[in-house]
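Trainee: The sequence and its predicted three-dimensional model are supplied below.
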Amino acid sequence: MSSTRIIAAIAATSLIVGVASAETLSPDQVKFADGAVAQSLTGAAGDPVAGRELFANRKLGNCLACHQNPEMPEQAFQGETGPTLEGVAGRYDETHLRGLVVNSKMTFEDTMMPSFYRTSGFYRVAGKFADKTILSAQQVEDVVAYLKTLKDE
């Protein structure tokens, strides 16, 4: 997919980002069904442009530490531990993408991928990280919105 088509897809998706009146779900309110999370964590669609930035952020999401994303050739040192994310939107629907970002262990029990929206069930957590998620609910929705743009041509 060309850079122009990616930007067009992101822009088109951004146009449908809406605002909902639902409250943000806390990590303990998230419901899984076969690894999928059907309910938006925020009640609103995510922003794929913000999600792309989070995806590439080496200090926050750090997705590129483990995954390759051919849609980001400008990003050096992409990982090979996890699967490539090329065409990931064709392999998983939105509910499964959300489930993978929230807590991939619900789908892949032995994965090394961290749970980005979970606060319990960990061992030996440093005090400053106790009861904190890696990503906020909105950031999860933004990453999911970005991942939805990664389709095969």
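Mentor: Now that the structure is in, tell me what you want to look at. Numbering: from 1, shown residues only.
Trainee: surely residue 138 meets residue 40?
Mentor: No - at 10.0 Å, residue 138 does not count as touching residue 40 under the criterion of CB atoms under 8 Å. Glycine gets a C-beta too; all of them are placed from N, C-alpha and C.
Trainee: With neighbour numbers in mind, choose between these two.
Mentor: Between residue 138 and residue 40, residue 40 has the larger neighbour count (other CB atoms under 10 Å), namely 20 against 17.
Trainee: Now that one. Nearest residue, chain neighbours left out?
Mentor: Computed as CB to CB, 6 or more residues apart in numbering, the closest residue to residue 40 that is not its neighbour in sequence is residue 141, at 6.1 Å.
Trainee: That neighbour: which element?
Mentor: helix 137-147 (DSSP states H and E).
Trainee: Next one: the residue lying closest to residue 112 once chain neighbours are set aside from residue 151, what distance?
Mentor: Closest residue to residue 112 apart from its sequence neighbours, by CB to CB, 6+ apart: residue 81 at 6.5 Å. To residue 151, residue 81 is 23 Å away according to CB to CB, to the nearest Å.
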